[in-house]
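In: got a structure for you, letters missing:
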Ligand code: ATP
Ligand code: MG
């Protein structure tokens, strides 16, 4: 490709709406352009990168025994009703109607469609196991699309689905996919950590996420991990607690004035006590129902865990107005900061569910809200002044320094970008959709399913997060849009142009994807663009060509060397062949 003909516009400045480096660099280097919120054009350079990521995925999935197909992007409501997700999926599902008024949705994932395909075609145990996958655009009306390709509304995903006759078969395939994923990300130049996670809207019990570990803001997930190999997403991380003082000094229960203590901080300051003596009471709205969460006040509620504890699909914290209203309809005159579990029974036609975190169970003589403004109960105890809720479970966010549930050492925390995940679905879809096969005894059984996703566009963006410097992108050779750029310093100089062109032709002949920067621009401009775009190798033909030498640079090492043109070409050709 000649640079003069290449469709690429690099920008001088970073886009003003970009927060993370991959978004900034991909826009500035001319890879993507925003069309609408969370929706991007993949320009030619980006499309080359995407195709490379896709091909690595294809090769490894095929090698692992999976078969590729392609399902429609638009899906009918009926199948989603069969699985029960039409109602359950929430705001991310983009629903639409066709001209006949039939309801459809844009595919955010394809469990329903693939299960229907299997149900039609896989009737006997003899046809199983099967793993089917596709690579396709998905649409999710994300609440907060951001970070460019890392969290778009339209994005490309590889999704695979396995069908087995039993749990044992599923576990084998799960491991097979785990290994394929490890190879895929490694070949994309990414180091990943497999972490335990919550299964979310997809469902099922066991699941792991493949995380690219990063210290950047782009890592949306907190990953808790330990030297012993334990690693989990914050929505799933279990921790044991270090000892804390949880017995208050007040021997008798009493109500005391605590004016204007709307926050835990204000309350601890006012009472001169540590937060570990306070039962914090938070109000959430899960789907539409009110939920009170009780937790020791030094700890934070993990919303996904709380949502799972009450079996919902959407969670948010209640507003101060709603909290007041809840107290009012239950006969109290209180304010945010003073709510407590006693006597809070219903709201908006729903019974109020109360969930306690394990941290409150052993507290004694504690402080708690009693639904009255400017006072708190102190010296309270479970079973006396206040009942311990019937649901006591882990709804807390783990913290660095908490104790590892496996080996007992302190947990560490880091940030991660989830590039893929694998789920053991079991019969979550096959049962309600009546997707069955005949087993060896002629008995009909639901398939035992797994599903396996990779964010293709997110993986490409994660590679930029992992590999860049202040000058631009440093693509791993395996997914770079082009392998090398050849730059004649002066296009007017006949010798320079001839040698540059010769090297370019040699590279092409040997299967190297090369670019000749034949633009009539200053060398400095060409160098800047080369660094920004991130070509793995740069061969510059300048004045030293009169001594028979060109300048060779690897984007990774940034080292410059003056070598013969043939040598430079040879290094690139060898590297590219090794990569393939
Ligand atoms: P997240 O927790 O980041 O929203 P998810 O759990 O919803 O991800 P899955 O439904 O399992 O993700 O989708 C499979 C893969 O698709 C994810 O591992 C991720 O790499 C990618 N992906 C999911 N949502 C997006 C998005 N909005 N933009 C880009 N890639 C995405
Ligand atoms: Mg999601």
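Out: Cool, got the structure. The model shown is predicted, which means the values in this text are computed figures rather than measured ones. Ligands and ions are numbered 1, 2, ... in the order given.
In: Could you find the closest non-adjacent residue to residue 408?
Out: Leaving aside its sequence neighbours, residue 408 sits nearest to residue 240 (C-beta to C-beta, 6 or more residues apart in numbering; 7.5 Å). Quick note: C-beta positions are derived from backbone N, CA and C, even for glycine.
In: One more: residue 352?
Out: residue 290 (4.8 Å).
In: Residue ranges in this structure under the pLDDT threshold?
Out: 199-204 (pLDDT under 70).
In: can you count the residues close to the residue of the chain found nearest ligand 1?
Out: Going by C-beta to the nearest ligand atom, ligand 1 is nearest to residue 455 of the chain, at 2.3 Å. A count of nearby residues for residue 455, using other C-beta atoms under 10 Å, gives 25.
In: And for the one 4 residues further on?
Out: By other C-beta under 10 Å, 32 other residues sit near residue 459.
In: what residues are up against it?
Out: Residues near residue 459 by C-beta atoms under 8 Å, 6 or more residues apart in numbering: 53, 185, 188, 190, 419-420.
In: out of those residues, which are inside strands?
Out: Among the contacts of residue 459, the ones falling in strands (DSSP state E) are 419-420.
In: Report the entries of the contacts of residue 459 that also contact ligand 1.
Out: 419-420 (C-beta under 6 Å from any ligand atom).
In: Residue 3 reaches residue 514, doesn't it?
Out: No - Residue 3 is beyond contact range of residue 514, at 10.7 Å (criterion: C-beta atoms under 8 Å).
In: what do those two both touch?
Out: residue 485.
In: Tell me which of the two has more neighbours.
Out: Ranked by neighbour count (other C-beta under 10 Å), residue 3 and residue 514 place residue 514 first, with 25 against 19.
In: what's the closest non-adjacent residue to that one?
Out: Nearest residue to residue 514 in three dimensions, chain neighbours excluded: residue 507, at 4.0 Å (C-beta to C-beta, 6+ apart).
In: on that earlier part again, isn't the residue of the chain closest to ligand 1 right up against residue 420?
Out: Yes - Residue 455 is in contact with residue 420 according to C-beta under 8 Å; the separation is 6.8 Å.
In: what about the residue nearest to residue 352, how many neighbours?
Out: 22.
In: what's the answer for the one 4 residues further on, then?
Out: Other residues within reach of residue 294, judged by other C-beta under 10 Å, total 27.
In: Leaving out sequence neighbours, find the closest residue to it.
Out: Closest to residue 294 by C-beta to C-beta, 6+ apart is residue 356, at 4.3 Å.
In: what do you get for residue 307?
Out: residue 315 (4.3 Å).
In: Quick one: residues contacting that neighbour.
Out: 284-286, 303-304, 306-307 are the contacts of residue 315 under C-beta under 8 Å, 6+ apart.
In: could you flag which of those are buried?
Out: Among these, those classed as buried by 16 or more other C-beta atoms under 10 Å are 284-286, 303-304, 306-307.
In: which of those sit farthest apart?
Out: Using C-beta to C-beta, the pair of the buried ones among the contacts of residue 315 lying farthest apart is 285 and 304, separated by 14.9 Å.
In: Can you show me the helices along the chain?
Out: In the chain, the helices defined using DSSP state H lie at 21-28, 44-63, 77-83, 85-88, 111-121, 167-187, 264-271, 303-310, 320-329, 358-361, 456-466, 494-509, 523-533, 565-579.
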